[in-house]
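Student: coords below, sequence missing:
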C-alpha cells in the first residue's frame, strides 16, 4: 500500500490525458486529507478526479437544498462519509436526553435519515452514491454483555451497518464502501489517531487514508467498467502441493492434512469466484493428460474440469499460452489475473503480457488466501443469475473454435451453426443483464455510456426511446443476451426529417464475426421503416478500448455527416446473415 | 540522541513531507518562516515524526510548541524516557 506522502506527491504530477471524473465528497468530519488521498490515488488508477468538497458537516444542507453547490457541481459520484465517532456523539446526546429505554430504535432512526438523503439525491441527480459503513467502536459500557443489550452502542452500530447493507441491496445506484472491513484488516490502532482527532476533527489516521481512498477508487473504477473477469491458474504448487508429473496422483498435497489444507481452501475460494461469474482458465507447463488427471480422479479436488473454461497444458511458454486463452475468451488482458507460485513464470508473463495482473503470491501457500483477500481484486458493481453460466458459454466457444477449423468457407460455417436470436424490447428479465453488459462492454461499445439498472429501467419505460436486446443461441448452446441497442426518437415536423439516433450499441465480443452486427442493423432499420423514420444516425465516441468499432458505421454503409454517421432508411437493403429471429 | 541530531532528523522529515529541499530549521524557526507549514501539513509532520522516532505526542503537545526548539525538546524528553 502506498503511503499518504506518495499520494500527496502524485498531486503535483501531470493529470492531463487522464479520464476526468467529478466526485463530490460529503462528510461530517474534516475531509481535506481524504480529498488529497482520493485525488492522489485516482492518479495511480488513471483518473483525474475533479473533487467538490462540501464544507465541514454540511451533508444535510447540501443534499436537501435543491440549489446547493452539490447540485450545481453535477457530480458523477457522491461519496458520503459519516464517522462512527460522530455517530457515538449523537448516541450519547440522545442517551442523555432520554435514557437507554429509548435507544433501541437508534439504528432505525439513523437509517431513516440515510434513506431520506439517498432518495433525495436519487430524485435530483443520476450520480452514483458511495456510502461508507461504520467502523466498529465499542464504548464498553456494558462490557461484552452489550451484545445482549439492544440499546447498547455497539449493538445499534452493528445493526445500522446491517440495515444499510439491506438498503443498498434494494437501492440501485447506492454502493457501500466497506470501511468497517478496512479497520478490521489494518486494526483500530492504525485506523484511528485520537491525538490527531482532538486537534483536527480528522477521524481517519494518515496511515489509514490510502486504504480508504483505494477502496473508494476500486468502486469508482468498477463504475468505469474496469474489473477482472478471468483468473488464469497455474497447477503445480498453486492449485495443489507438489508436482503432478513427478509426484503422481497419490502424492500431491490436497485435502484436510497439513499444507494440503491450504490448497483445498484456495480451491474453494477460486470455486466461489467461478460461481460468481469469474471465468477460470488453466495455464500449466505439463502434459495435458497428466495435468487433467487430478481434476478427473482425485477425490479431494474441489475444482472440476467443468469449472475450467479453457484448459491449456503444454510445454510452450506461458505468455504465448495466455495469448491463446485471450483469443478464445476475447476479453482484455487488463481483465485477467494470473496466479502462479513460480516467480520466474510470473515475471515472463508480467513482462510479455501488458495489462495483466500478476499478484506476487507469498512463498508459503498458507498465506495465499489472506494475501489475495488483501488485494481485493474482484470488485464489481453488479451481479446477475446469468453470471454462473459464463464458464459453460466459454467452453462452448472453445468447441466452436475447434469446429470452425473444419470449415474453409466462412458462410458454410455460419450456416451450419443454426443461429437463433430472441430479439425484443428490454423487459424485466433482460434489464439487469443489459445494465451489466453496459458496465462490462469496453471493446464493442460505440459510445460507452455506462447505464445502471435504474437508468435502463427508466429508458425502457420512456416513450422517447426504442430498445432492443438480442440473445444468440446456436447448435453448441445459448450465449444468452449478447447485444443491446437504445434508439432515441428524434421526431421532427416533417416525416423526411424524422431521425432515429443510436444512443447505445454494444455487443459481447464472444459473438464477433457471427453476423450479429448485420442482423442488429436489419432490426433497427426495419423498425425505423415501419415507424416512418427517414434516417438512422450513429456516432462513434473513441475510448482507449473501442478502437475495434472505429469503422463500424462505415463498414455497415453509413455515410459520414458532420461528425456522425447517417443511413438512409428508404434505400437500405437488408444485410445478409444467418441468424433467424425467434 | 542529542538535540542537534533530533533537529537534523526533524529537518529531513520537514523536507520530505513538504517536498521542499531548501528548508533549514533552527531552534527559532516558526510556522511563519516555512511557507508550506500550515495546520494541515503540521499534522502530517507530527505523524511522520511519531512514526520515525517511535514516540507518541499527546493531544496537548501537538499544538503547544511556539517554535522548532520547543518541539525538539518535547521529542528529546520522550526519547530519554
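Tutor: All right, it came through fine. Computed from a prediction, not measured in an experiment: that's the story for all the values here.

Student: what kind of secondary structure is residue A:283 in?
Tutor: The three-state label given to residue A:283 by DSSP: H, G, I helix; E, B strand; the rest coil is strand.

Student: ignore the last one, residue A:80
Tutor: Per three-state DSSP, residue A:80 ends up strand.

Student: Would you agree it is in contact with residue A:59?
Tutor: Yes: Residue A:80 lies in contact with residue A:59 (Cβ atoms under 8 Å); the separation is 6.5 Å. Every residue, glycine included, has its C-beta placed from N, CA and C.

Student: where in the chain is pLDDT low?
Tutor: Let's take chain A. Scanning chain A for pLDDT under 70 picks out A:385, A:388, A:402, A:405-406, A:408.

Student: look at chain B instead
Tutor: Residues of chain B meeting the criterion pLDDT under 70: B:81.

Student: secondary structure element for the residue nearest the centre of it?
Tutor: Centre of chain B computed as the mean C-alpha position; nearest residue by Cα atoms, centre = their mean is residue B:10, 4.9 Å away. Element membership for residue B:10 (DSSP states H and E) is helix B:3-18.

Student: Let me see the residues that make contact with that helix.
Tutor: A:5, B:1, B:20-21, B:23-27, B:34, B:36-37, B:41, B:44-45, B:48-49, B:52-53, B:68, B:71-73, B:75-76, B:79 (Cβ atoms under 8 Å, 6 or more residues apart in numbering or on different chains).

Student: Return the distance of that helix from the chain's centre.
Tutor: 7 Å (Cα atoms, centre = their mean, to the nearest Å).

Student: returning to what we had before: buried ones only from the contacts of helix B:3-18, please, as a ChimeraX command.
Tutor: Buried members of these, defined by 16 or more other Cβ atoms under 10 Å in any protein chain shown, are picked up in ChimeraX with:
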select /A:5 /B:23,25,34,37,41,44,45,48,49,53,68,71,72,75,76
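
Student: taking the contacts of helix B:3-18 one by one, which sit in helices?
Tutor: Counting by DSSP state H, these place A:5, B:41, B:44-45, B:48-49, B:52-53, B:68, B:71-73, B:75-76, B:79 in helices.

Student: what residues are up against residue A:30?
Tutor: Contact analysis of residue A:30 by Cβ under 8 Å, 6+ apart lists A:56, A:200, A:201, A:202, A:203.

Student: Export the residues you listed to a markdown table and append columns for neighbour count and secondary structure.
Tutor: Output for those, formatted as a markdown table (neighbours: other Cβ atoms under 10 Å in any protein chain shown; DSSP: H, G, I helix; E, B strand; the rest coil):
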| residue | neighbour count | secondary structure |
| --- | --- | --- |
| A:56 | 13 | coil |
| A:200 | 20 | helix |
| A:201 | 18 | coil |
| A:202 | 22 | coil |
| A:203 | 25 | coil |
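
Student: who touches stretch A:229-238?
Tutor: So stretch A:229-238 is in contact with A:239, A:242-245, A:266, A:270, A:273, A:278-284, A:286, A:291, A:294, A:309, A:313, A:318, A:322, A:325, A:329, A:331, A:335-342, A:345, A:361, A:365, A:440, going by Cβ under 8 Å, 6+ apart.

Student: Can you tell me, leaving aside adjacent residues, what's nearest to residue A:387?
Tutor: Closest residue to residue A:387 apart from its sequence neighbours, by Cβ to Cβ, 6 or more residues apart in numbering or on different chains: residue A:277 at 2.7 Å.

Student: quick one: the one you found and residue A:230, what's the gap?
Tutor: The gap separating residue A:277 from residue A:230 is 10 Å, by Cβ to Cβ, to the nearest Å.

Student: for residue A:111, same thing?
Tutor: Separation of residue A:111 from residue A:230 (Cβ to Cβ): 38 Å.

Student: quick one: which of the two has more around it?
Tutor: residue A:230 (24 against 18; other Cβ atoms under 10 Å in any protein chain shown).

Student: The closest residue to residue A:340 other than its chain neighbours: how many residues sit nearby?
Tutor: For residue A:340, ignoring the flanking residues on the chain, the nearest one in space by Cβ to Cβ, 6+ apart is residue A:234 at 3.8 Å. By other Cβ under 10 Å, the residues close to residue A:234 number 22.

Student: that older thread, mark which of the contacts of stretch A:229-238 are buried, thanks.
Tutor: Buried members of these, counted by 16+ other Cβ under 10 Å: A:239, A:242, A:244, A:266, A:270, A:273, A:278-284, A:286, A:291, A:294, A:309, A:313, A:318, A:322, A:325, A:329, A:331, A:335-341, A:345, A:361, A:365, A:440.

Student: Show me what residue A:19 is bridged to.
Tutor: Residues in a beta bridge with residue A:19, per DSSP bridges, are residue A:47.

Student: got a list of what the residue in chain B positioned nearest to chain A touches?
Tutor: Of all residues in chain B, the one sitting closest to chain A is residue B:59 (3.9 Å; Cβ to the nearest Cβ). Shown in contact with residue B:59 (Cβ under 8 Å, 6+ apart): A:194, A:195, A:198, A:199.

Student: Those: which ones sit near chain B?
Tutor: Among the contacts of residue B:59, proximity to chain B is found for A:194, A:195, A:198, A:199 (Cβ under 8 Å from any Cβ of the partner chain).

Student: ChimeraX command for the buried members of those?
Tutor: Of the ones next to chain B among the contacts of residue B:59, the buried ones go into a single ChimeraX selection, burial set by 16+ other Cβ under 10 Å:
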select /A:195,199
